[in-house]
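Colleague: quick check, what structure comes out for this input:
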Amino acid sequence: MKPTAPLPEDFAAHASSMTFVQLREHYGRGSGTISRWIRESKVSRSRTRSRPSDFAELAQTMTSAELRLHYRTSKASISQWRRECAIVTPRERHISAGTFKPTPVPENFRQVAPTLSVHAAKIFFEVGDTVLRRWEAEAGVRLRRQLPGRPRQPGTVINDTIRDMSRAGQAADFLRRFGPVARCDATGRYLADGFYWRRGSTVLSADEVIERAERNGWRADAWRQIPASVHYQASM
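Modeller: Here you go, the predicted model:
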């Protein structure tokens with residue numbers, strides 16, 4: 001049986017100020033070991049981190065997903081910090097004021113929906129399954145769906161799953177951890193082989209997609225930082 005890792009002498013000092021993820025990275029240990037060390041050290045840990053000094057400023061321009069990645073913290077911490085700064089999202093503002101209204105059917109939904117799969121529609125319209133089903137019922141149209149029990153023909157390629165390995169495509173793939181990003185034409189309409197990218201309500205060129213991704217931490221040459229020995233072993 002593999003012996004358990006002993007509790008580090010400096011663990012209590014770090015555990016009082018680091019997040020769970022930071023503790024894992026700092027000590028190079030898994031969740032089970034970190035949890036055991038927390039119990040053994042009996043250190044008092046707050047459920048949420050103290051609010052960073054620049055949070056109020058960044059929260060005005062960044063989404064919750066971007067804030068979570070930037071601060072490497074949980075959704076609960078971001079929500080707590082927003083409450084402390086009295087920063088609310090437009091949705092929360094409408095709900096608290098009693099003025100919230102369901103998202104209406106877009107003007108182009110009847111025209112575009114029959115040409116999109118459910119997956120592509122969620123990316124293009126930035127909504128979930130529940131909203132899409134309501135829009136289908138209200139508009140009287142249906143999104144493209146694979147018929148139950150009908151196998152795809154051998155060699156069939158579904159455009160929605162093609163991985164774009166261009167520099168802009170990789171940047172867009174990185175940005176999808178923050179929210180939907182899809183190819184489109186210059187007007188923002190979904191187009192599988194379009195030369196533009198739609199992120200939210202913004203239409204971006206390839207250069208702008210790359211710039212946004214780099215601003216959020218993406219690096220096109222990150223693979224170059226892999227030790228040469230790894231490349232050598234992989235080629236053997």
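
Colleague: and the residue nearest the centre of the protein?
Modeller: residue 177 (2.5 Å; CA atoms, centre = their mean).

Colleague: ok so that residue is a strand residue?
Modeller: No. Going by DSSP: H, G, I helix; E, B strand; the rest coil, the assignment for residue 177 is coil, not a strand.

Colleague: so who does residue 209 touch?
Modeller: Counting by CB atoms under 8 Å, 6 or more residues apart in numbering, residue 209 makes contact with 168, 171, 172, 175, 181, 197, 199. Yep, even glycine has a C-beta here, placed from its N, CA and C like the rest.

Colleague: my bad, residue 75
Modeller: The neighbourhood of residue 75, defined by CB under 8 Å, 6+ apart, consists of 64, 68.

Colleague: measure it to residue 67 for me?
Modeller: Shown here: residue 75 relative to residue 67, a distance of 9 Å by CB to CB, to the nearest Å.

Colleague: rewinding a little: could the contacts of residue 209 be laid out in TSV, adding secondary structure and distance to residue 59?
Modeller: Compiled in TSV, the contacts of residue 209 are given as follows (DSSP: H, G, I helix; E, B strand; the rest coil; distance: CB to CB, whole Å):
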residue	secondary structure	distance to residue 59
168	helix	28
171	helix	24
172	helix	24
175	helix	19
181	strand	22
197	strand	25
199	strand	19
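
Colleague: just the buried residues from those residues, in ChimeraX please.
Modeller: Filtering these down to the buried ones (16 or more other CB atoms under 10 Å) takes a single ChimeraX command:
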select :168,171,172,175,181,197,199
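
Colleague: which of the contacts of residue 209 sits closest to residue 20?
Modeller: residue 175 (25.8 Å; CB to CB).

Colleague: quick one: pLDDT of that closest one?
Modeller: Model confidence at residue 175, given as pLDDT, is 86.

Colleague: got it, and residue 150?
Modeller: On pLDDT, residue 150 comes in at 45.

Colleague: likewise the one 5 residues further on?
Modeller: Among the per-residue scores, residue 155 shows a pLDDT of 41.

Colleague: residue 94 now?
Modeller: According to the model's per-residue confidence, residue 94 sits at a pLDDT of 66.

Colleague: ok, the one 4 residues further on next?
Modeller: Per-residue confidence for residue 98 comes out at a pLDDT of 73.

Colleague: over to residue 134?
Modeller: With respect to pLDDT, residue 134 has a value of 90.

Colleague: that one - how many residues pack around it?
Modeller: Burial measure for residue 134: 14 neighbouring residues, criterion other CB atoms under 10 Å.

Colleague: got it, and the one 10 residues further on?
Modeller: The tally of other residues near residue 144 (other CB under 10 Å) stands at 14.

Colleague: could you find the closest non-adjacent residue to it?
Modeller: With sequence-adjacent residues excluded and distances taken as CB to CB, 6 or more residues apart in numbering, residue 144 is closest to residue 117, at 5.0 Å.

Colleague: go ahead and confirm the one you found touches residue 142.
Modeller: No. In this structure, residue 117 sits apart from residue 142 without contact. The criterion is CB atoms under 8 Å, and the distance is 11.3 Å.
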